[in-house]
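**Student:** Pasting the sequence and the predicted model now:
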Amino acid sequence: MDHKAILFSAPSGSGKTTIIKRLLQYFDCFEFSISATSRQPREGEKDGVDYYFLTPDEFERRVEAGDFLEWEEVYAGTRYGTLKSEIERIAAKGKVVIFDVDVNGGINIKRYFGDEAMAIFVMPPSIEVLEQRLRTRGTESEESIQKRLGRSAKELGESSKFDITIVNDDLDRAVEETRRVVERFLGK
Ligand code: ADP
Ligand code: 5GP
């Protein structure tokens with residue numbers, strides 16, 4: 001792979017979407033890799049912007065067609081994946097790809113891109129703060145919050161597989177630290 005990529009993984013609610021949105025405003029050489037998912041859109045989420053929202057059958061059809069670089073059943077019954085066509089779309093524009101993927105997806109994508117990718121783990125200050133953020137975001141049912149927290153403990157133990165860990169305590173500070181490490185990686 002001769003194309004640079006930055007990937008962000010973290011337990012749900014750590015703040016990676018928030019940090020990525022801030023970075024996209026700052027750097028115009030970046031483009032977000034829009035994943036496919038079989039979950040329903042949240043209020044305000046748009047198809048082809050936040051995700052490509054597929055039905056479970058359509059997702060399965062695309063798995064069988066070999067359209068995914070990677071995919072995971074992140075939560076029981078809900079699949080998420082990176083379409084090969086998405087990487088091609090962004091590479092054709094000469095932009096650096098930004099990924100927001102779960103921890104397993106992050107490890108797989110890092111393996112695929114090798115040194116061309118910087119793998120960033122976004123760490124919440126604590127599990128309690130993580131739970132608080134998920135609740136404050138107000139997008140998840142109690143069942144979904146529990147599913148997400150259930151996965152978090154294991155994911156938090158995998159941060160050492162990433163190139164760098166950013167603790168998302170104060171948002172401005174975390175964005176600034178991310179901006180600096182990304183600039184160093186890109187040689188700016
Ligand atoms: P993720 O994409 O990792 O699931 P989000 O970016 O959606 O997480 O963030 C989860 C919630 O926490 C959102 O409501 C967001 O506004 C809030 N949040 C993100 N970073 C911080 C921070 N540093 N301090 C306080 N709240 C934060
Ligand atoms: P959410 O439902 O909160 O948008 O995302 C849930 C989880 O799925 C997050 O950890 C997110 O990073 C992950 N995710 C989103 N897209 C992909 C993808 O394309 N591949 C993988 N492996 N995980 C993804």
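**Tutor:** Great, that's in hand. Ligands and ions are numbered 1, 2, ... in the order given.
**Student:** Which parts of this structure are helices?
**Tutor:** All helices of the chain, identified by DSSP state H, fall at 16-26, 56-64, 84-92, 103-113, 127-137, 142-156, 171-186.
**Student:** Helix 16-26 and the last one, what's the angle between them?
**Tutor:** Our comparison of helix 171-186 with helix 16-26, counting by axes from the mean of the first three to the mean of the last three CA atoms, to 10 degrees, yields an angle of 60 degrees.
**Student:** for the helices of the chain, which one sits closest to Ile34?
**Tutor:** helix 84-92 (6.0 Å; CB to CB). The C-beta positions use only the backbone N, C-alpha and C, and glycine is treated the same way.
**Student:** Now that closest one: buried residues?
**Tutor:** Across helix 84-92, burial judged by 16 or more other CB atoms under 10 Å covers 86-87, 90-91.
**Student:** Quickly name whichever of the residues you listed is closest to Ser33.
**Tutor:** Checking those one by one against Ser33 (CB to CB), the nearest turns out to be Glu86, at 5.1 Å.
**Student:** for that closest one, what are its contacts?
**Tutor:** 33-35 (CB atoms under 8 Å, 6 or more residues apart in numbering).
**Student:** can you list those in CSV and add neighbour count, distance to ligand 1 and pLDDT?
**Tutor:** Below are the contacts of Glu86 laid out as CSV (neighbours: other CB atoms under 10 Å; distance: CB to the nearest ligand atom, whole Å; pLDDT from 0 to 100):
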residue, neighbour count, distance to ligand 1, pLDDT
Ser33, 19, 14, 97
Ile34, 18, 14, 98
Ser35, 22, 12, 98
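**Student:** didn't Phe99 look like it was pressed against Ala10?
**Tutor:** No - the criterion here is CB atoms under 8 Å, and Phe99 misses it with Ala10 at 11.8 Å.
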